[in-house]
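1. Quick one, what's the 3D model for this:
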Amino acid sequence: MDILVQPLNRVIRAEPGVNLLDALRAAQVPMSYSCLSGRCGICRCRVLSGEVLDGGREQQRPLDGVDGAVLACQTYVAEPCTIEVPAPGEAVVHRARVAKATVVAIEPLAADIRRLLLKVAKPIEFSPGQYVQLGFTPTHVRPYSMANLPGEQLLEFHVQLMPQGRVSSYIAGQLKVGDKVKVSGPLGAAYLRQQHTGPMLCVAGGTGLASVLSVVRGAVAVGMRNPIHLYFGLRSPRELYGLAWLDHLRSVNPALQVHVVVASGADSATQRRGLVTQAIEQDHASLRGWQAYLCGSPPMVETTTLLALGKGLEVAHLHAEAFYMQGD
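-> Here you go, the predicted model:
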């Protein structure tokens, strides 16, 4: 049975019922993967034609099923088909692992936001924009995005304190400097694509700024000079933080434009009032040729995804992580 792999225009042979990722790896097709269980979302590709059995529906992510998108590790080939894989040069393989870390600091960033710094004995390999699972106790486990760059011993996370939130309340009230934390990962497909030379759209909702900061910091660190439009969406000014970091990034990359968008109570001199989707709609007639990185609540990610696709952004160039806040 033949599988045509695009954009490589290469045909590989596989037996019916074979796992798609196994077939791609056996044929030495460059392909990103990590957890091999459908959790990380890194091995996403598109089915252009033919029938496949998609076993990843139980772990639905923002882009799964959009325009034929599937997770290769959870997909089984039923007949000859055509598969579109990401650009070979952007493939990353950071095998997920478990590491022990120590709490170094818990610092206030805003009224209900804390900065959590963890020191790992050995740096965790990841790409800017990815996240890990943090296990504080066996019953207090949640995903958080790194705000720092790969290779650093201190991992930086931004924690939104939720009313009656189980994990965030534990971090705010019981976690102490010196406590041990289990770090599992990396996970996530919304990582920086370094080969892209066109404009970048970075959209953060609340503490989704952590992931976006990592992406922008990563772009600056490797010398990318792409125009970057960063939209930071907040419900109210009390959630605002990180302006000093953003100002620094603007000073080293003049192509970075920062838009702080506040739903209510915005400072008209420095902030825009409304939703990030409204601001993007006003600013950009087309997003064709852009790369987009979205991180925040599911409603924000979903509405921004629809807007971006409607403005010509290709599905393959849209990288999103949606984190559910209820019960945190």
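
2. Nearest the middle, which residue of this structure would you pick?
-> A190 (3.1 Å; CA atoms, centre = their mean).

3. Over to that residue. Which of the three states is it?
-> With DSSP: H, G, I helix; E, B strand; the rest coil as the basis, A190 sits in coil.

4. What is the neighbour count of the closest residue to it other than its chain neighbours?
-> Among residues not flanking A190 along the chain, H319 sits closest, at 3.9 Å (CB to CB, 6 or more residues apart in numbering). No exception for glycine: its C-beta is placed from N, CA and C like everyone else's. By other CB atoms under 10 Å, the residues close to H319 number 23.

5. Please name the bridge partners of H319.
-> Y293 (DSSP bridges).

6. where along the stretch 101-250 of the chain do the strands fall?
-> Here the stretch 101-250 of the chain has its strands, by DSSP state E, counting those that start in this stretch, at 113-120, 131-137, 140-145, 154-160, 180-187, 200-205, 228-234.

7. What strands flank the last one, and is each parallel or antiparallel?
-> Its sheet considered, strand 228-234 pairs with strand 200-205 (parallel), strand 256-262 (parallel) by DSSP bridges.

8. Quick check: which of the ones you listed is nearest to V181?
-> Closest to V181 of these is strand 200-205 (CB to CB; 23.7 Å).

9. And the average pLDDT for the closest one is what?
-> Mean pLDDT, strand 200-205: 97.

10. Would you indicate which residues of that strand are buried?
-> Neighbour counts over strand 200-205 (16 or more other CB atoms under 10 Å) mark M200, L201, C202, V203, A204, G205 as buried.

11. of those residues, closest to R25?
-> Of the buried residues of strand 200-205, the one sitting nearest to R25 (CB to CB) turns out to be M200, at 29.6 Å.

12. beta partners of the nearest residue to that closest one once chain neighbours are set aside?
-> Closest residue to M200 apart from its sequence neighbours, by CB to CB, 6+ apart: I228 at 4.6 Å. In this entry, I228 is beta-bridged to M200, L256, by DSSP bridges.

13. I228 and V252 touch, don't they?
-> No - contact criterion CB atoms under 8 Å: I228 and V252 do not qualify, at 11.8 Å.

14. Which of the two has more residues huddled nearby?
-> Higher neighbour count among I228 and V252: I228, with 24 against 10, using other CB under 10 Å.

15. for that one, what are its contacts?
-> By CB atoms under 8 Å, 6 or more residues apart in numbering, I228 lies in contact with P199, M200, C202, V216, A219, N253, A255, L256, Q257.

16. can you check L275 too?
-> Here L275 is in contact with G233, V261, A263, T303 (CB under 8 Å, 6+ apart).

17. so how many other residues sit close to the residue nearest to L240 when sequence neighbours are not counted?
-> Once flanking residues are discounted, L240 sits nearest to L234: 5.8 Å by CB to CB, 6+ apart. The tally of other residues near L234 (other CB under 10 Å) stands at 23.

18. Verify the stated contact: L234 with G242.
-> No - here L234 lies out of contact with G242, judged by CB under 8 Å, at a distance of 10.7 Å.

19. doesn't G289 fall inside a helix?
-> No - counting by three-state DSSP, G289 is not part of a helix but coil.

20. Pairing partners for the residue nearest to L240 in the sheet, please.
-> Applying DSSP bridges, one finds that L234 bridges with V262.

21. what's the pLDDT at it?
-> With respect to pLDDT, L234 scores 94.

22. Please pick the buried ones from the contacts of I228.
-> P199, M200, C202, V216, A219, N253, L256.

23. I'd like these written out as JSON lines, with distance to E152 added.
-> Converted to JSON lines, these look like this (distance: CB to CB, whole Å):
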{"residue": "P199", "distance to E152": "28"}
{"residue": "M200", "distance to E152": "22"}
{"residue": "C202", "distance to E152": "20"}
{"residue": "V216", "distance to E152": "16"}
{"residue": "A219", "distance to E152": "16"}
{"residue": "N253", "distance to E152": "19"}
{"residue": "L256", "distance to E152": "21"}
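
24. Closest to S127 out of those?
-> Looking across the buried ones among the contacts of I228 and measuring by CB to CB, the closest to S127 is A219, at 11.6 Å.

25. Alright, I will stop here.
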